[in-house]
Structures are given as C-alpha cells and as structure tokens.
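[1] Sequence below, structure please.
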Amino acid sequence: MPDWETGSDPHTPGETPRLHPTAENYDMEIDRPIGTRSFTYGAKTLAASLVALVLSAANHGDTMPAFWTLVSAGLLGIMFSFIERRTTLGAETVNQRRVNVDVLLTALLAATINLIVYVAQR
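    Got it, this is the predicted structure:
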C-alpha cells in the first residue's frame, strides 16, 4: 500500500494504489477509477442540454444550437471516460467544483454559439 504522506510508493507494478481522503482533498474517493471526471462532466453537460431543449421548445427552436453544442460536449466527455478507463490504470481525484466550472464554461460556450447562429440567421 503506498504511503501518500511520505510520497513513497511500495506497491507492486500490477497493483492499483488506494487513495485515502484527507481534510485537504475531501472530494477524493477511495479507488475511484480513471475516467470518472470525464464521465461526470459528460453527464452534467447532458443534463444541461435538457434545459436547453426545454428552453428551445418554449421559444420555438431559438436555442437548438446551444442544445446540440451541449449534447456534443456531453457525449464527448462520456466517450473520453470510456477511453480513459480502458487505457490507464489507477485512481483519480474528482473535484466536483472543478467539474461544475467546466460544465458552466461549456454552457457559456453553447450560449455564445447560439448567439452567433441566431445573429447570422437574422
């Protein structure tokens, strides 16, 4: 088992190190597989796309470019999570605040794309 406080890593090459949450890294979970952050980002972005879809139904399709941008980003995040899980070993830290900021920035990108498309069509 690795000693994370001292930085030594006595595990054997085939063994997956176990991470232990502390006060400094409370978002960390024990043995969370690589790719979880991408999957969480993708799932939250797909949830945001549902909001854009509802708004699109309410305003006669004006927010459809934002919907498709969010769907594309969400599916890309989920695809990356599957790739990461198959190509790397180990565990990772998933900071939910960081993921939420990434989703918010993606939603702002979708709104910008929606505005550009809206202005170009008028």
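[2] I'd like to know which elements the longest helix seen in the chain is packed against.
    Counting by DSSP state H, the longest helix found in the chain is helix 96-121. With contacts taken as 3 or more C-beta pairs under 8 Å, 6 or more residues apart in numbering; DSSP states H and E, helix 96-121 sits against helix 36-58, helix 64-87. Using the backbone N, CA and C atoms, a C-beta is placed for each residue, glycine as well.
[3] Run through who's touching the longest one.
    Taking contacts as C-beta atoms under 8 Å, 6 or more residues apart in numbering, the residues outside helix 64-87 that touch it are 33-39, 41-46, 48-49, 52-53, 55-56, 106-107, 109-111, 113-114, 117-118.
[4] ok, of these, which come out buried?
    34-39, 41-46, 48-49, 52-53, 56, 106-107, 110-111, 114, 117 (16 or more other C-beta atoms under 10 Å).
[5] re the thing from before, what angle sits between the longest helix of the chain and helix 36-58?
    40 degrees (axes from the mean of the first three to the mean of the last three C-alpha atoms, to 10 degrees).
[6] rewinding a little: out of the helices and strands packed on helix 96-121, which comes closest to V101?
    helix 36-58 (10.3 Å; C-beta to C-beta).
[7] Kindly present the helices and strands packed on helix 96-121 as CSV, with separate columns for distance to R122 and mean pLDDT.
    As requested, these are exported to CSV (distance: least, C-beta to C-beta, whole Å; pLDDT from 0 to 100):
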stretch, distance to R122, mean pLDDT
helix 36-58, 17, 91
helix 64-87, 13, 89
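[8] R98: which of the ones you listed is closest?
    Proximity to R98 (C-beta to C-beta) singles out helix 36-58 among those, at 8.0 Å.
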